[in-house]
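*Asks:* coords please:
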Amino acid sequence: MFRQTKVKETGIITNINGNKTTIELLKQTTENCKSCSGCVEVNSSSQYIEVETVPGLKEGQLVVTQKTIHSPYKSIILVFVFPLISLLIGSYIGQNYNIFHITSKDIRVIVSGFIFFIASLIIASVYDRLTKSKTTTSQKIIFDNLHNSYDTVFK
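*Replies:* Presented below is the predicted three-dimensional model:
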């Protein structure tokens, strides 16, 4: 359910600057786009990515990069299901326990449910910020001797 997908993209090195390499991505096949579905349809403009330099690369060389795409289900549960469950739990607590010293049962249900709902959104936001830096994987070059250069591919 929370599967990770590895997507390979082919590109041409356009610039090498220190430890960063700029790669112009070639138009992807429909097979790659089916597995990713992370980007929208791009018109004829080029897409560029920046990756860490691998020794032995030169400008104009054709390379293959790989990136990991995480399943969206975890985020969907965190943003939609968790707050809804928190709202229901908060409403139940407000109905059965008088922790806010409010005499009206209906007001207690509303206030308690709302507080739990807002708290769940804050918890989800903090969790997302803490895990984003751990799960974000940048693209990396996995195969750099596919062809010698751009000229070999297009001539």
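*Asks:* just checking, what packs against the longest strand seen in the chain?
*Replies:* In the chain, taking DSSP state E as the definition, the longest strand is strand 4-17. With contacts taken as 3 or more Cβ pairs under 8 Å, 6 or more residues apart in numbering; DSSP states H and E, strand 4-17 sits against strand 20-25, helix 30-36, strand 47-52, strand 62-70. Quick note: C-beta positions are derived from backbone N, CA and C, even for glycine.
*Asks:* weakest of the ones you listed by average pLDDT?
*Replies:* The minimum mean pLDDT among these belongs to helix 30-36 (a mean of 53).
*Asks:* which parts of the longest strand of the chain are buried?
*Replies:* With burial defined by 16 or more other Cβ atoms under 10 Å, the residues of strand 4-17 counted as buried are V7, E9, T10, G11, I12, I13, I16.
*Asks:* these: which two are farthest apart?
*Replies:* Checked with Cβ to Cβ, the buried residues of strand 4-17 reach their widest spread between V7 and I16, with 23.2 Å between them.
*Asks:* starting at the chain centroid, how far to stretch 101-120?
*Replies:* Between the centre of stretch 101-120 and the centre of its host chain there is 34 Å, according to Cα atoms, centre = their mean, to the nearest Å.
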